[in-house]
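In: Have a look at this fold, sequence not included:
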């Protein structure tokens, strides 16, 4: 390893053997940090750069997250091809059909916020975002504070039970507990008005779907099944739940007429317009939304929602990430007469609030 001939600073270049090949052992003996076969000259780093062992070089000018350059590069991949394990009391959380893996939420939180910042989930469900924010303390770059809005009391109860049971398990395993986050009960549009202006650093949510709370079963034309997904209209959801409990099939045609896609988009636009006030300018809103195939037609909900939010709010679409779950079960749809897609992905729309 050569000096630079001036002040003895180590050069950022390969440590090599006599034949010119990389000498990893030699570098280890000198206790030099190695990244991709290259020795990092920590003395030559700029004042705004810090080498983090095993992670790479962090730039202190990074205002978005706590990722190093190497981690940032990986995080910009537009596809997340990962199945997340059914952990964190998954059996209980799966009572809500639209719940998202907390560790997927933690990964997205790590991409779009810094440790100690505040994350808002206005459609919190059973608290996947809140659990993800807590997981960041032990498995990511640091804990975030999270606020969830949920108008269904049962889902709040599930979140609280999940947290209690998970921390009991962690205590028995000698693991540190997950922090409790703030879950507020009520209509997200009203609760958003209670937040201070510019008090939220990241909005991460999974929106309620249009026309998805009641769907026909694939193999039974007369029967319907109640989805566990939340709806934006509680009265409609309550009516459906009552019908199901009485054993009365819900007419999906009538259901569709109860809320058109246009009406659903109007409600989403109004809600996200209210969410922009507490969101800090220049920060991001990250939204899960799946497309759907219904009545022999493909509904490109992600595109419809993105266009509506851009047109009606101050949010600008900057990316569409794809979460591909390779563990998702496949079903034989349409065979042998027509091609019907088996959805194994979800769209993750990324918006930025104009400064």
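Out: Looks like it came in fine. Fair warning: this is a prediction, and the values are worked out from it, not measured in the lab. Numbering: from 1, shown residues only.
In: shaky segments in this protein?
Out: Low-confidence regions of the chain, defined here as pLDDT under 70, cover residues 1-41, 211-258.
In: excluding its backbone neighbours, what's nearest the residue nearest the centre of it?
Out: For the chain, the residue lying nearest the average C-alpha position, counting by CA atoms, centre = their mean, turns out to be residue 105 (3.7 Å). The shortest distance from residue 105 to any non-neighbouring residue, by CB to CB, 6 or more residues apart in numbering, is to residue 132 (3.0 Å). (Each C-beta comes from the backbone N, C-alpha and C, glycine too.)
In: Residue 96 too?
Out: The spatially closest residue to residue 96, leaving aside those adjacent along the chain, is residue 126, at 4.5 Å (CB to CB, 6+ apart).
In: Okay, the closest residue to residue 145 other than its chain neighbours and residue 165: tell me how far apart.
Out: Residue nearest to residue 145 in three dimensions, not counting chain neighbours: residue 118, with 4.9 Å by CB to CB, 6+ apart. Taken as CB to CB, to the nearest Å, the spacing of residue 118 relative to residue 165 amounts to 26 Å.
In: ok, these two, which is more surrounded?
Out: Between residue 118 and residue 165, counting by other CB atoms under 10 Å, residue 118 is the more crowded of the two (18 against 13).
In: Spit out the contact partners of the more buried one.
Out: Taking CB atoms under 8 Å, 6 or more residues apart in numbering as the criterion, residue 118 is in contact with 144, 145, 146, 147, 199, 200, 201, 202.
In: so the last one touches residue 287, yeah?
Out: Okay, so that is residue 202. No: between residue 202 and residue 287 no contact is recorded; they are 11.5 Å apart, counting by CB atoms under 8 Å.
In: Between these two, tell me which one has more neighbours.
Out: Between residue 202 and residue 287, residue 202 has the larger neighbour count (other CB under 10 Å), namely 27 against 24.
In: ok so that one is a strand residue?
Out: Yes: secondary structure assignment (DSSP: H, G, I helix; E, B strand; the rest coil) places residue 202 inside a strand.
In: still on that earlier bit, in ChimeraX, how would I select the buried members of the contacts of residue 118?
Out: For selection in ChimeraX, the members of the contacts of residue 118 meeting the burial criterion (16 or more other CB atoms under 10 Å) are listed in this command:
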select :144,145,146,147,200,201,202
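In: CSV for the contacts of residue 118, including distance to residue 349?
Out: Written out in CSV, the entries for the contacts of residue 118 read as follows (distance: CB to CB, whole Å):
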residue, distance to residue 349
144, 20
145, 24
146, 20
147, 21
199, 22
200, 17
201, 18
202, 14
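In: just the contacts of residue 118 now: which is nearest residue 174?
Out: residue 144 (24.2 Å; CB to CB).
In: Now the closest one. Nearest residue, chain neighbours left out?
Out: Using CB to CB, 6+ apart and skipping the chain neighbours, the partner closest in space to residue 144 is residue 133 (4.2 Å).
In: ditto for residue 349
Out: Distance criterion CB to CB, 6+ apart; nearest residue to residue 349, sequence neighbours excluded, is residue 287 at 4.5 Å.
In: What segments of the stretch 201-350 of the chain are strands?
Out: If DSSP state E, counting those that start in this stretch is used as the criterion, the strands of the stretch 201-350 of the chain fall at 214-216, 224-226, 279-289, 292-294, 297-299, 315-324, 345-353.
In: Just the residues contacting stretch 299-309, thanks.
Out: Residues from elsewhere that reach stretch 299-309 (CB under 8 Å, 6+ apart): 207, 209-210, 261, 265, 268-269, 272, 287, 289-293, 315, 317, 320, 347, 349, 351.
In: Make sure I have this right: residue 143 is in a strand.
Out: No: assessed with three-state DSSP, residue 143 is coil; it does not lie in a strand.
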